[in-house]
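> Task: produce atomic coordinates for the following.
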Amino acid sequence: MIADTILPHLSSLAPVKLPYTIRVDKDFHEDPQPTIYDVRVLVDDPLKSALTSYLANPAYAQDLREIASLNDHLAVLIQKISNSKSKHTFFDALSKNPTEFITKWMSSQKRDLAIIAGEATRGGGEDGTGDEWRKGGKDGIWGSENVRESVNLIVGTKART
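Numbering: from 1, shown residues only. As a prediction, this is how the structure comes out:
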């Protein structure tokens, strides 16, 4: 993830524009129009010397292993937090209205079982023309956290390919 974050900052700098007039005729100087020339100037990368000294350091490989280990540990912690949040949401909804929650949850489990058994139509048998599917905004199905995560996953996968 570090490479994806750093990469946009490693692009070349914006071009330098120098106002300079080459023409000397009188008509041009009475009504001057700006002219821009692209001149390529080779410049040593200022980070190259710092990067070379870092790459020559024998501790570099160890630092990369440590970063990868910390990144993996962070991913595990994020997953645990997500699981805890899901459990909390589940039990919180159960505690607020147990009867309605159990009814919805059983319906959800029935749809999941139909999908697993291969008996589902349209991904679970739900009616895609119902009001809950047309409802937009933060409280609708399309504004839920699961939909946002799914869209981000799809977009991220498409961006890498």
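> Mind giving me the packing neighbours of the host helix or strand of Ala61?
Element membership for Ala61, per DSSP states H and E: helix 59-96. The elements that helix 59-96 packs onto, with contact taken as 3 or more C-beta pairs under 8 Å, 6 or more residues apart in numbering; DSSP states H and E, are helix 98-117. All C-beta atoms are positioned from the backbone trio N, CA, C, and that covers glycine.
> Could you rerun that using 6 Å?
Packing partners of helix 59-96 (3 or more C-beta pairs under 6 Å, 6 or more residues apart in numbering; DSSP states H and E): none among the helices and strands.
> and the host helix or strand of Leu55, how far out from the chain's middle?
Assigned by DSSP H and E, Leu55 belongs to helix 48-56. In this view, helix 48-56 has its centroid 30 Å away from the chain centroid, taken as C-alpha atoms, centre = their mean, to the nearest Å.
> buried set for that helix?
By 16 or more other C-beta atoms under 10 Å, helix 48-56 has no buried positions at all.
> what mean pLDDT does that helix have?
Per-residue pLDDT over helix 48-56 has a mean of 79.
> and if you look at stretch 67-77?
Averaged over stretch 67-77, pLDDT sits at 93.
> Same check on stretch 95-113?
pLDDT averaged over stretch 95-113 gives 88.
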